[in-house]
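A.B. asks: for reference, the sequence and a predicted model appear below.
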Amino acid sequence: MTTAASDEPEPKMSRLLKLAQKFNCFYLNGLRKGECRPFVVDGHQVGLVSQNVIEQLLKYPEVFHIRAPEHGKQNIVELNPAFRDYNTRSQQVDRILREFREQGLFVALKGWRDECYDVKSSTGSLLKMDRSATCLFGVRNYGVEINGYVRHPTKGLCIWLQQRSDTKQTWPGKWDNMVSGGLAVGYGVHETAVKEAAEEASIPDHLLKNLVSAGCVSFFFESERGIFPNTEFVYDLELPEDFVPDNSDGEVQNFQLLPVHECLERVFKPDFKTTSCPVVLDFLIRHGIITPENEINFTQVIELLHVPLQSLYTYRTPTAACDSPTAPAILQRDLTSNTNTSSIGNGKL
């Protein structure tokens, strides 16, 4: 007995879901179906490397080994295991990245800013590299975002947005959250929030006492610059009606206070920074502006604000897997057999 095909139309995809898919484009296309290779340091996968980057790394076999793992068919990109300490690894990688920058090989390195990110595994920090280069290796990025908001007597709930300077290396002139910044080496999460609040918006200490941690968002984005697995630690900061942000580091050219519904419309415009959209959507959901009643794809949107990045970089060498106190038993078994269940290792999501 056959069942007739349903004549019901496919459910519509809302603007919000399309936007969420945009800032998760790399995650949703199956991590490019195995075209990228695990980046392994000290036996732990810490990133993903695309073919165009691998082509350049092949010129430095003394630093980067492109090889097949002991078990499994997919090649990996491994930082030379002879580099046993943080400083040696950092220096070797930095040397090559500076050569890439001088040669103008990657557009991402035009954003070089002499601000380093830690590359970490479950066992701790492994090396550091310039912030602009992390997307070439698909290294997880961590940042801090502050939603500055006002309960206006006539306009209702409003959100402060900043317009990035036209001279910024990345996303110049785009609209952004009131305060945002990457988690650089040597700075904690709250410490970064306080520092960026002072630099970008001149928020005084007595107002920062109202800073409230609101969790985080995570997403997996890809652009012409590279691969961005991002986790943003989110803070909410209620501000008085008469406070006006004022930039002090030259990275912001304008601020604007918008009612929440106008702010929602702003994120759909091409002049809004794509990777800042998740923070705005998260705020609007938590404050009851976006709800299951007014958003047909509510569940899908929420899920795409919290992509499980921690479960995607699972490749381990057999030694690292067995030595790691956090390695799941099933992973240890798989790495000592001919079966590899890693979503990255077998090219599937």
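C.D. replies: Okay, I see it. Numbering: from 1, shown residues only.

A.B. asks: mind saving the C-alpha coords of the host helix or strand of Val194 as CSV?
C.D. replies: Val194 belongs to helix 189-201 when elements are defined using DSSP states H and E. The C-alpha coordinates for helix 189-201 follow below in CSV (Å, rounded to 0.1, in the frame of the first residue of the first chain):
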residue,chain,number,x,y,z
VAL,A,189,36.1,37.2,31.3
HIS,A,190,34.9,39.8,33.8
GLU,A,191,38.2,41.6,33.6
THR,A,192,37.8,41.9,29.9
ALA,A,193,34.3,43.2,30.2
VAL,A,194,35.3,45.9,32.6
LYS,A,195,38.3,46.9,30.4
GLU,A,196,36.3,47.0,27.2
ALA,A,197,33.5,48.9,28.8
ALA,A,198,35.9,51.7,29.8
GLU,A,199,37.8,51.8,26.5
GLU,A,200,34.8,51.5,24.1
ALA,A,201,32.0,53.3,26.0
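
A.B. asks: same for it, what does it pack against?
C.D. replies: Counting contacts by 3 or more C-beta pairs under 8 Å, 6 or more residues apart in numbering; DSSP states H and E, helix 189-201 packs against strand 141-152, strand 156-164, strand 179-182, strand 226-238, strand 252-259. C-beta here means a position set from N, CA and C on the backbone, and glycine is covered the same way.

A.B. asks: how does it look with 10 Å?
C.D. replies: When contacts are defined as 3 or more C-beta pairs under 10 Å, 6 or more residues apart in numbering; DSSP states H and E, helix 189-201 packs onto strand 141-152, strand 156-164, strand 179-182, helix 205-208, strand 212-223, strand 226-238, strand 252-259.

A.B. asks: mind checking which of these is nearest Ala20?
C.D. replies: For Ala20, the closest of the helices and strands packed on helix 189-201 is strand 212-223, at 8.2 Å, according to C-beta to C-beta.

A.B. asks: coming back round to it: and the helices and strands packed on helix 189-201 as a markdown table, adding mean neighbour count and distance to Leu304?
C.D. replies: Formatted as a markdown table, those follow (neighbours: other C-beta atoms under 10 Å; distance: least, C-beta to C-beta, whole Å):
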| stretch | mean neighbour count | distance to Leu304 |
| --- | --- | --- |
| strand 141-152 | 21 | 17 |
| strand 156-164 | 21 | 21 |
| strand 179-182 | 22 | 20 |
| helix 205-208 | 12 | 31 |
| strand 212-223 | 19 | 7 |
| strand 226-238 | 21 | 13 |
| strand 252-259 | 17 | 23 |
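
A.B. asks: what's the weakest-modelled helix or strand in the protein?
C.D. replies: helix 329-335 (a mean of 29; mean pLDDT, DSSP states H and E).

A.B. asks: so where's this structure uncertain?
C.D. replies: Counting by pLDDT under 70, the chain contains low-confidence ranges at 1-11, 69-74, 318-349.

A.B. asks: where exactly do the helices run in it?
C.D. replies: 15-22, 25-28, 51-57, 86-103, 189-201, 205-208, 260-266, 277-286, 298-303, 318-323, 329-335 (DSSP state H).

A.B. asks: CSV please, covering these and showing distance to Ser122.
C.D. replies: Below are the helices of the chain laid out as CSV (distance: least, C-beta to C-beta, whole Å):
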stretch, distance to Ser122
helix 15-22, 28
helix 25-28, 21
helix 51-57, 24
helix 86-103, 16
helix 189-201, 18
helix 205-208, 32
helix 260-266, 37
helix 277-286, 25
helix 298-303, 24
helix 318-323, 10
helix 329-335, 12
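
A.B. asks: which of those helices sits most buried?
C.D. replies: Using mean count of other C-beta atoms under 10 Å, the stretch among the helices of the chain with the largest mean neighbour count is helix 277-286, at a mean of 23.

A.B. asks: and the most centrally placed residue in the chain, what are its bridge partners?
C.D. replies: Note on the chain: the residue nearest the mean C-alpha position is Asn230, at 1.3 Å, using C-alpha atoms, centre = their mean. The partner list for Asn230 in beta bridges (DSSP bridges) reads Asn141, Phe219.

A.B. asks: am I right that it is in contact with Phe220?
C.D. replies: Yes - using C-beta atoms under 10 Å, Asn230 is in contact with Phe220, at 7.6 Å.

A.B. asks: common neighbours of those two, please.
C.D. replies: Taking C-beta atoms under 10 Å, 6 or more residues apart in numbering as the contact criterion, the common neighbours of Asn230 and Phe220 are 23, 140, 307, 309.

A.B. asks: just the buried residues of those.
C.D. replies: Neighbour-count burial (16 or more other C-beta atoms under 10 Å) is assigned, among these, to 23, 140, 307, 309.

A.B. asks: you'd agree Asn247 is up against Phe255?
C.D. replies: Yes - shown here, Asn247 and Phe255 form a contact pair, counting by C-beta under 10 Å, at 7.7 Å.

A.B. asks: shared neighbours, those two?
C.D. replies: With contacts taken as C-beta under 10 Å, 6+ apart, the residues that reach both Asn247 and Phe255 are 162-163, 200-201.

A.B. asks: coming back round to it: what's the most distant pair in the shared contacts of Asn230 and Phe220?
C.D. replies: Spatially, the most separated pair among the shared contacts of Asn230 and Phe220 is Phe23 and Arg140, at 15.4 Å (C-beta to C-beta).

A.B. asks: and Arg113, which of the helices of the chain is closest to it?
C.D. replies: Nearest of these (C-beta to C-beta): helix 86-103, 11.4 Å.

A.B. asks: now the closest one, how far from the centre of its chain.
C.D. replies: On the basis of C-alpha atoms, centre = their mean, to the nearest Å, helix 86-103 is displaced by 22 Å from the centre of the chain it belongs to.
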